Each structure stands twice: as C-alpha cells, then as structure tokens.
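Chemist: Need coordinates for the below:
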Amino acid sequence: MNIRTLRSDHIYQKVAQASPEEKLELFRNEMMAPFMKQWQIQQIPFKAEEANGFDVISFNSMMHRSPDQITPEISADIEQISSETFWSECEQAVRKSLHLFVEQGINLPVSEYLFTIQLGNPESRALIINEGYSGFGGIPGFIWGTLLPNEYTIPRMKASLAHECNHNVRYQFIQWDHTVNLGELIVSEGLAENYATFIFGEEFLGPWVTRTNADTLNKHIKPVLRDLLQLTGFDQFAPYLYGDEIAKLQNLEPVNMPYSAGYACGYYLIQYYLRKTGKTIFEATITPAAQILDEVKGFWDEETIISC
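Modeler: Here you go, the predicted model:
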C-alpha cells in the first residue's frame, strides 16, 4: 500500500507569493492536477473552455480558499497547517485507518492513495455549520480534509480523516451509481463516524451527530427516514441527509429536517446493528446497506438513548 501526502502548505506558500496572474494556474497545476483521476470520475472539467466556466477551481472554491484568496494576508492560517507534527499525525491517521482493514484480513483492491488537507473558505456557510471542518473520501484512492484552522479543528482532523478513509474503503466494495439511495447514505455515514470514534474515541464525535438529541432523533428524524430509505436522486435525498439549512445552500427544497439528520440517524443505527449482530466495524463497512437495514428493523421502533 502506497500512501502519498500532498503538502498543501507548501503549495499555499508558493501561491501566496505568486503574482495575481500566476496564482490560478499555479494552484490548478500543483493542488488540483494530482487528483486528476478523481475529477475524471466525478466528471468535473479540469479547465473550463470559457472564462468563468465551471471547472475544478470553481468547484473547489465552494468550500476552500480560492487561488485569489491565497495571499500573504492569510499567512497565519497557512502557518497553522505547516508543522511537521500536524502532517505526521494526519498521515498516521490515514495509514492506520487503511491498514486496520488489511490487518483484519480485508484485501483492499486499491493500493495507491493520495491525501491532502485544504484551508476552508471562511465565507462558506456550509463549513461554518459543520463547526469549521469537513472532508471527502468517496472516490477510492483519494482523501481530502478541510478546515478553518484553530485549536478546535486541528486536533479533529485525524478523526475526520478516519471517517473519510472508511468511505474510501467502503466504495472499493460497494458500487456507487444512479441507483444509490438514502438508505445507503445513512448507513455509509453511520459506518464512517463509528469508525472514527472506534479509532480515536467518542470525544472526537462530530457535530453532525452530537448536535442531535434523543427527543429529536426518536420523535422527528426516525419516523420520517424509516419510510424514505429507498429514495433516490441526490436532490431528493440530500435534504434528509444534511438537513434544511444545508439543503437551502444547495438550492434544494427543505423538508423540515434538522442539521445532519441522516448522519445522526446513521450513527445510532450502526451502533444498533453492531450490537445486534456482533459484527465488527470492519465487516460492517463492506456489507451492502440492504443487508444492514434488514437486520435493524427494530431500530426504528426502539427509543434510542443518547448519553450526554
């Protein structure tokens, strides 16, 4: 297994010192180009054919610092993600998260991995709602972390990376296509967050779970989601997964769901599944959602107890 780290801090330092005319292509070639295969899979153009057209830069800038924002004025932010300790801990988190599956006898089809950490866009409302950190790991072989660097988010990047590594492993075994439904996303997010806390402890449980209380989960979220597990189409199921506020930011119709409803539901659903079946988080990660959901029918009627 080959795990490569793209040191974004070095790229930010270069871009910050570059002229305004050079920033865009320097950032595209150094930060975006190493992830070319990901962009191809996601069908995002590497470079727009016309000025201001949609491409990897405009896509990336939705949640991250855009090239024109990378100036000497943000040197303090760059400095916060420039220590050898920070990058070593991030790499160790990725390495451990992937290697644990191998140690459990699960042979991963993908052997080459690339990860990086990017500075978040402080104007991104979605990132602010997520308390300043996020990630993406749904394309096997590619893992991203995102943060607004501070004393709260920096220690949490290792758990966030473990969460994304779990997605990365799952989608080496589970096919993602147009038939993916809300049930798969609830299961997937539940697996990922349980994996992060399995490795790093519940003190690193993300706000997408901790901000949901038992009353909201049992009386509001579960009764609605249980009947919508077969819902397909991102624009249809995303509001139930992310909640109304983030749905509105994505120009989607709100459905009267609180923040990250699907994430919180998935976290406790997977805990129920692991207790009921005795399966490990490793076995569960590569199990089809339909099998998991078939085993947890009692979850929807049972009152979930959330310890504070």
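
Chemist: How far does stretch 208-217 stretch from one end to the other?
Modeler: 12 Å (C-alpha to C-alpha, to the nearest Å).

Chemist: again, but for stretch 17-36
Modeler: Span of stretch 17-36 from end to end, C-alpha to C-alpha: 25 Å.

Chemist: Show me what the mean pLDDT comes to for it.
Modeler: Stretch 17-36 carries an average pLDDT of 97.

Chemist: in that stretch, what's buried?
Modeler: The neighbour-count check on stretch 17-36 (16 or more other C-beta atoms under 10 Å) flags Ala18, Lys23, Leu24, Leu26, Phe27, Arg28, Glu30, Met31, Met32, Phe35 as buried. For every residue, glycine as well, the C-beta is placed using N, CA and C.

Chemist: Now render these as CSV, adding secondary structure.
Modeler: Compiled in CSV, the buried residues of stretch 17-36 are given as follows (DSSP: H, G, I helix; E, B strand; the rest coil):
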residue, secondary structure
Ala18, coil
Lys23, helix
Leu24, helix
Leu26, helix
Phe27, helix
Arg28, helix
Glu30, helix
Met31, helix
Met32, helix
Phe35, helix
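
Chemist: Name the nearest of those relative to Phe115.
Modeler: Phe35 (10.0 Å; C-beta to C-beta).

Chemist: what's the residue nearest to His167 when sequence neighbours are not counted in contact with, if anything?
Modeler: Nearest residue to His167, sequence neighbours excluded (C-beta to C-beta, 6 or more residues apart in numbering): Gly137, at 4.1 Å. When contacts are counted by C-beta atoms under 8 Å, 6 or more residues apart in numbering, Gly137 is found next to Ile143, Trp144, His163, Glu164, Cys165, Asn166, His167, Asn168.

Chemist: go again using 7 Å as the cut-off
Modeler: Ile143, Glu164, Cys165, His167, Asn168 (C-beta atoms under 7 Å, 6 or more residues apart in numbering).

Chemist: Can you list which of these are found in helices?
Modeler: Glu164, Cys165, His167, Asn168 (DSSP state H).

Chemist: of the residues you listed, closest to Leu98?
Modeler: Cys165 (5.6 Å).

Chemist: Phe204 contacts Phe198, doesn't it?
Modeler: No: Phe204 lies out of contact with Phe198 (C-beta atoms under 7 Å); the separation is 10.6 Å.

Chemist: if you go through the stretch 101-250 of the chain in chain order, where are the helices?
Modeler: Assigned by DSSP state H, counting those that start in this stretch, the stretch 101-250 of the chain shows helices spanning 125-129, 153-170, 182-200, 207-210, 214-216, 222-225, 234-242, 244-249.

Chemist: Of all these, which one comes closest to Leu98?
Modeler: helix 153-170 (5.6 Å).

Chemist: which of the residues in that closest one are buried?
Modeler: 153-154, 156-170.

Chemist: do stretch 281-301 as well
Modeler: So, applying 16+ other C-beta under 10 Å, buried residues of stretch 281-301: Ile281, Phe282, Ala284, Thr285, Ile286, Thr287, Ala289, Ile292, Leu293, Val296, Phe299, Trp300.

Chemist: Need the contact partners of the longest strand along the chain.
Modeler: Taking DSSP state E as the criterion, the chain has its longest strand at strand 112-119. Here strand 112-119 makes contact (C-beta under 7 Å, 6+ apart) with 2-6, 8, 12, 34-35, 64-65, 77, 81, 90, 94, 98, 141-147, 149, 157.

Chemist: for stretch 230-249, same thing?
Modeler: With C-beta under 7 Å, 6+ apart, stretch 230-249 has contacts from 125-126, 129, 179-183, 185, 225, 228, 250, 252-262.

Chemist: measure it end to end?
Modeler: Termini of stretch 230-249 sit 24 Å apart (C-alpha to C-alpha).
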